[in-house]
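>>> quick one: sequence and predicted model below, then my questions.
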Amino acid sequence: MSERVISHLIVKGRVQGVGYRAFVEHEAQRRQLEGWVRNRRDGSVEIVVAGAPSAVEYFIDACRRGPFAARVSEIDQREGTADDLSMRRGNEAFSVLPTL
């Protein structure tokens, strides 16, 4: 079995209203990662992502850049859990969830 990591991220800055969630979903699908993304009422974006360590690392680097109109000021990162990951919808590998 190949190694797999789960990361839980809170992305801060100008990350709502700029296509950030769609960008995150595309980047995750492109790298065959699992997880979810959602806006938070405080203006940040929350992400849980799981997959091969190198793919997750490249994904996080992409999240630091974001789409053209985004301005990421900070990413709080911690190890995620299987419970975090289980919040995605049904059979979707990567979900865009409602705002929390």
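That came through, no problem.

>>> OK, contacts around residue 70?
Listed by CB atoms under 8 Å, 6 or more residues apart in numbering, the contact set of residue 70 reads 13, 14, 15, 18, 19, 20, 23. C-beta here means a position set from N, CA and C on the backbone, and glycine is covered the same way.

>>> contacts only, for the second one.
What that stands for is residue 14. By CB under 8 Å, 6+ apart, the neighbours of residue 14 are 69, 70, 71, 72, 73.

>>> strands - which of the contacts of residue 70 land there?
13, 14 (DSSP state E).

>>> now, of the contacts of residue 14, which are buried?
70, 72 (16 or more other CB atoms under 10 Å).

>>> for the protein, longest helix please?
helix 53-65 (DSSP state H).

>>> just for this structure, where's the confidence low?
For the chain, the stretches flagged by pLDDT under 70 are 1.

>>> show me where this structure has helices.
Under DSSP H, the chain gives helices at 20-30, 53-65, 82-85.

>>> hmm, back to that, for the longest helix of the chain, name the packing helices and strands.
Judged by 3 or more CB pairs under 8 Å, 6 or more residues apart in numbering; DSSP states H and E, helix 53-65 is in contact with strand 5-14, helix 20-30, strand 45-51, strand 71-79.

>>> make TSV out of those and add distance to residue 62.
Below are those laid out as TSV (distance: least, CB to CB, whole Å):
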stretch	distance to residue 62
strand 5-14	11
helix 20-30	5
strand 45-51	11
strand 71-79	10
